[in-house]
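A.B. asks: Quick one, structure for this:
(4 chains)
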Number of protein chains: 2
Amino acid sequence: MPGRNQQFVLDALTRSERPMGAYELLELLRQEGLRSPLQIYRALDRLIEEGLVHRIESLSAFALCVHSECTHGRAAFAICANCGRASEVHDPALERVLRRIARRQGFRTKSATVELSGLCEACAHR
Amino acid sequence: MPGRNQQFVLDALTRSERPMGAYELLELLRQEGLRSPLQIYRALDRLIEEGLVHRIESLSAFALCVHSECTHGRAAFAICANCGRASEVHDPALERVLRRIARRQGFRTKSATVELSGLCEACAHR
DNA sequence: TTGACGAACGTGATAACATAACATAACGGA
DNA sequence: TCCGTTATGTTATGTTATCACGTTCGTCAA
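C.D. replies: Residues are numbered from 1 along each chain as shown, chains lettered A, B, ... in the order given. Model (predicted):
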């Protein structure tokens, strides 16, 4: 039982082709009666806890998780500076390298942020 | 010739054990006569361009680059949620994996953000 | 049914982070 | 000197996120 606002936010992100900011979501969901940032942030917090949504730090934005069972916190993103799309990547080799880096310095990782910024294939070829 | 404000900011970050926010820097540098956020942000922008400072996305904060020769944009950070320290890591294997991920989808990477959040060794052992 | 409780929700104010727009000063070369 | 460029300063504003408080609603047990 996702909660009404969570469902609104989830639907909006599902329809969007790119990550959305909290205030962008708010604008969109005013139609549904949402009025304050906090309503959005609370919904996002829960969706993130449930692993359904990722926060993209370098955009201060939020994206649907495309991998139903991602251990949340182990996804990488390639974010196009031109078209704004963020493609989510799960890569075992990356996870191994990150674990090794942490291990070497006795670091106990709780979550990881991996974000590549640049041009996606479509935008690079023009 | 670094510019006066850049030098102030650089000195402040050098003295700090952990990444500092822009407004935190501002508070500190009021003693030196700095008055507005923009003075801080401009100095930070230049220091980042020169590769002397990194922006830590997940903290909205800034840290001195400890590797004089970092190709800027290829550093990883392990950030302790308890003590706030951020240790900078340069790892060839990580760079290879990130290049491979980008290559696989034809992504042209301009910069990369890699931030581990968790507990550092000292803070984990208590 | 009632009431106690917790989870979700609503609202206004405010905090924290960042930039726009415009003006002024400092410097170096033609 | 004149010009262009770079660094600087200041006010106002834009953007992102949270606090504090109160209300609604469903569930469960007496």
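A.B. asks: hmm, the longest strand along chain A touching chain B?
C.D. replies: The single longest strand within chain A, with elements called by DSSP state E, is strand A:108-119. Yes: shown here: strand A:108-119 in contact with chain B (Cβ under 8 Å from any Cβ of the partner chain) through A:Arg108, A:Thr109, A:Lys110, A:Ser111, A:Ala112, A:Thr113, A:Val114, A:Glu115, A:Leu116, A:Ser117, A:Gly118, A:Leu119. Where C-beta positions appear, they are placed from N, C-alpha and C, glycine not excepted.
A.B. asks: Now do the buried residues in stretch A:88-97.
C.D. replies: Of the residues in stretch A:88-97, those buried under the neighbour-count criterion (16 or more other Cβ atoms under 10 Å in any protein chain shown) are A:Glu88, A:Val89, A:Asp91, A:Leu94, A:Glu95, A:Val97.
A.B. asks: Same question for stretch A:117-126.
C.D. replies: Of the residues in stretch A:117-126, those with enough neighbours to count as buried (16+ other Cβ under 10 Å) are A:Ser117, A:Gly118, A:Leu119, A:Cys120, A:Cys123.
A.B. asks: same question, stretch A:74-87
C.D. replies: For stretch A:74-87, a neighbour-count test (16+ other Cβ under 10 Å) marks A:Arg74, A:Ala75, A:Ala76, A:Phe77, A:Ala78, A:Ile79, A:Cys80, A:Gly84, A:Arg85, A:Ala86, A:Ser87 as buried.
A.B. asks: likewise stretch A:33-46?
C.D. replies: By neighbour count on 16+ other Cβ under 10 Å, the buried set for stretch A:33-46 is A:Leu34, A:Gln39, A:Ile40, A:Ala43, A:Leu44, A:Arg46.
A.B. asks: Now do the phi/psi pair for the second one.
C.D. replies: Same thing as A:Gln39. Comment: the main-chain dihedrals of A:Gln39 come out as phi -60, psi -40, following degrees, to the nearest 10.
A.B. asks: Remind me which helix or strand the nearest residue to it once chain neighbours are set aside belongs to.
C.D. replies: If you skip the residues right next to it in sequence, A:Gln39 has A:Asn5 as its closest partner in space, 5.5 Å away by Cβ to Cβ, 6 or more residues apart in numbering or on different chains. A:Asn5 belongs to helix A:4-15 when assigned by DSSP states H and E.
A.B. asks: What of A:Val66?
C.D. replies: Under DSSP H and E, no helix or strand contains A:Val66.
A.B. asks: Could you give the bridge partners of the closest residue to it other than its chain neighbours?
C.D. replies: By the measure of Cβ to Cβ, 6+ apart, the closest residue to A:Val66 outside its immediate chain neighbours is A:Glu88, 5.0 Å from it. A:Glu88 forms beta bridges with A:Phe77, as assigned by DSSP bridges.
A.B. asks: Tell me where the model's unsure across chain A.
C.D. replies: Applying pLDDT under 70 to chain A picks out residues A:1-2, A:68-73.
A.B. asks: how about 80 then?
C.D. replies: Low-confidence regions of chain A, defined by pLDDT under 80, span residues A:1-2, A:67-73, A:126.
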